[in-house]
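Undergrad: coords please:
(one chain, ligands or ions: 1)
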Amino acid sequence: MAVINQAAAKLRAQLFESDDLIVCPGVQDGLSARVCLQQGFKNLYMTGAGTAISLLGMPDLGLTTADDMVRQASMLSSLDRSVPLIADIDTGFGGPVMVARTVERYILGGVAGLHLEDQVTTKRCGHLGGKEMVDVATFVARIRAAREARERLGSDLVIIARTDALQSMGFDEALTRLKAAVEAGADAVFLEGVKDREQMAKFTKEMAPTPCLINLVPGGLTPLVNAKEAKELGYRIAIWPCFAMTHAYVAYQKAAKELLETGAVTAGFTEKQKGEGENAEQVPGGIRELFELCGLSKCVEFDNKMGGQTFSKGV
Ligand SMILES: C[C@](O)(C(=O)O)[C@H](CC(=O)O)C(=O)O
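TA: This next block holds a predicted model:
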């Protein structure tokens with residue numbers, strides 16, 4: 001328990017013992033997380049939209065189950081337990097009992113923070129139209145259930161209340177909901193779909209001193225301010241869901257098109273990479289490098305240290 005709680009305690013300290021912006025690149029799978037860890041990010045964000053796309057090949061329409069999300073969030077948390085992960089928990093997947101149960105599973109998986117929202121369980125991405133909300137009492141019960149689960153496990157989990165009410169119910173109702181959530185035990189707040197800089201500044205000012213999160217989705221409703229601006233606008237946490245996925249999508253398309261049309265895959269490769277296999281071990285971005293990114297040498301070292309024979313003939 002103590003080791004698992006370390007990331008949550010660290011996130012809590014980042015939030016309440018410093019005034020730096022917590023910069024969270026959106027990750028959805030092992031590769032995106034490993035790349036962000038390699039680049040030295042101090043935090044990660046597990047995007048539910050990205051998880052729906054990468055794990056299910058489906059849009060963000062409330063199709064990922066609690067099991068899908070717990071499994072992905074736990075895997076991502078385990079890659080480097082010194083880097084706190086904030087994870088999307090959508091609506092919590094049911095009534096208070098289910099919310100508490102799912103939050104416990106997130107905590108036990110090593111998640112440091114999560115955001116829990118007020119959409120109906122048949123939810124959709126916050127940047128799509130036609131969203132429906134639960135009433136305030138139902139939302140508050142979800143937050144209370146999350147807080148209760150946190151207390152039951154003695155965890156430092158950071159609970160971030162998210163409202164999707166802005167588009168259909170307006171700014172004042174959205175703020176009322178977030179204030180009620182803070183009253184019920186949320187540590188930070190997330191106003192989904194905020195539409196311009198003026199609204200951003202007003203939001204952080206009205207919610208102060210509660211820390212606010214900004215969601216910067218490529219192609220979404222919110223202007224893509226940079227980290228410096230987000231901080232100046234009063235935000236404490238910024239998430240960039242699907243940012244790398246957008247780039248990966250374009251690269252996949254290019255390579256798939258080339259393979260289909262020419263029967264070969266060379267797009268974006270260096271001359272060396274295009275060569276025959278004898279230098280395979282040195283190829284940058286080749287399979288060996290990807291395994292290395294994911295801890296190949298560390299696995300071999302661990303096996304040896306434990307007296308295992310698995311890699312005695314080398315790898
Ligand atoms: C933040 C979000 O919940 C996510 O799953 O990452 C999504 C982002 C997206 O759809 O790209 C959201 O609803 O804003």
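Undergrad: Please tell me how far residue 300 sits from residue 311.
TA: Relative to residue 311, residue 300 is positioned 5 Å away (Cβ to Cβ, to the nearest Å). For the C-beta atoms, the positions are set from N, CA and C on the backbone; glycine is no exception.
Undergrad: How about the longest helix seen in the chain and the ligand, any contact?
TA: Determined from DSSP state H, the single longest helix within the chain is helix 243-262. No - judged by Cβ under 6 Å from any ligand atom, helix 243-262 stays clear of the ligand, getting no closer than 8.8 Å.
Undergrad: now for that helix, which elements pack on it?
TA: Judged by 3 or more Cβ pairs under 8 Å, 6 or more residues apart in numbering; DSSP states H and E, the packing partners of helix 243-262 are strand 22-27, helix 30-39.
Undergrad: Tell me the buried residues in it?
TA: 243-245, 248 (16 or more other Cβ atoms under 10 Å).
Undergrad: Neighbours of residue 135, how many?
TA: Other residues near residue 135 come to 10 when the count uses other Cβ atoms under 10 Å.
Undergrad: Kindly report the same for residue 205.
TA: Neighbours around residue 205, by other Cβ under 10 Å: 11.
Undergrad: Now it. Nearest residue, chain neighbours left out?
TA: residue 234 (6.3 Å; Cβ to Cβ, 6 or more residues apart in numbering).
Undergrad: Pick the most buried one from the helices and strands packed on helix 243-262.
TA: Most buried of the helices and strands packed on helix 243-262, by mean neighbour count (mean count of other Cβ atoms under 10 Å): strand 22-27, with a mean of 24.
Undergrad: can you tell me the average pLDDT over that one?
TA: Average pLDDT, strand 22-27: 98.
Undergrad: Could I get the contacting residues of the most centrally placed residue in the chain?
TA: The centroid of the chain falls nearest to residue 46 when counting by Cα atoms, centre = their mean (1.8 Å). When contacts are counted by Cβ atoms under 8 Å, 6 or more residues apart in numbering, residue 46 touches 26-28, 72-73, 76, 85-88, 111.
Undergrad: could you pick out which of those residues are near the ligand?
TA: 26, 88.
Undergrad: What about the contacts of residue 46, which are in strands?
TA: 26-27, 85-88 (DSSP state E).
Undergrad: if we can go back for a sec, out of the helices and strands packed on helix 243-262, which comes closest to residue 173?
TA: Closest approach to residue 173 among these (Cβ to Cβ): strand 22-27, 27.0 Å.
Undergrad: Just the helices from the stretch 101-250 of the chain, written as ranges.
TA: In the stretch 101-250 of the chain, the segments counted as helices under DSSP state H, counting those that start in this stretch are 136-152, 166-169, 171-183, 197-207, 227-232, 243-262.
Undergrad: Could you dump those helices into JSON lines with mean pLDDT and distance to residue 218 added?
TA: Output for the helices of the stretch 101-250 of the chain, formatted as JSON lines (pLDDT from 0 to 100; distance: least, Cβ to Cβ, whole Å):
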{"stretch": "helix 136-152", "mean pLDDT": "98", "distance to residue 218": "28"}
{"stretch": "helix 166-169", "mean pLDDT": "97", "distance to residue 218": "19"}
{"stretch": "helix 171-183", "mean pLDDT": "98", "distance to residue 218": "23"}
{"stretch": "helix 197-207", "mean pLDDT": "98", "distance to residue 218": "18"}
{"stretch": "helix 227-232", "mean pLDDT": "98", "distance to residue 218": "15"}
{"stretch": "helix 243-262", "mean pLDDT": "91", "distance to residue 218": "5"}
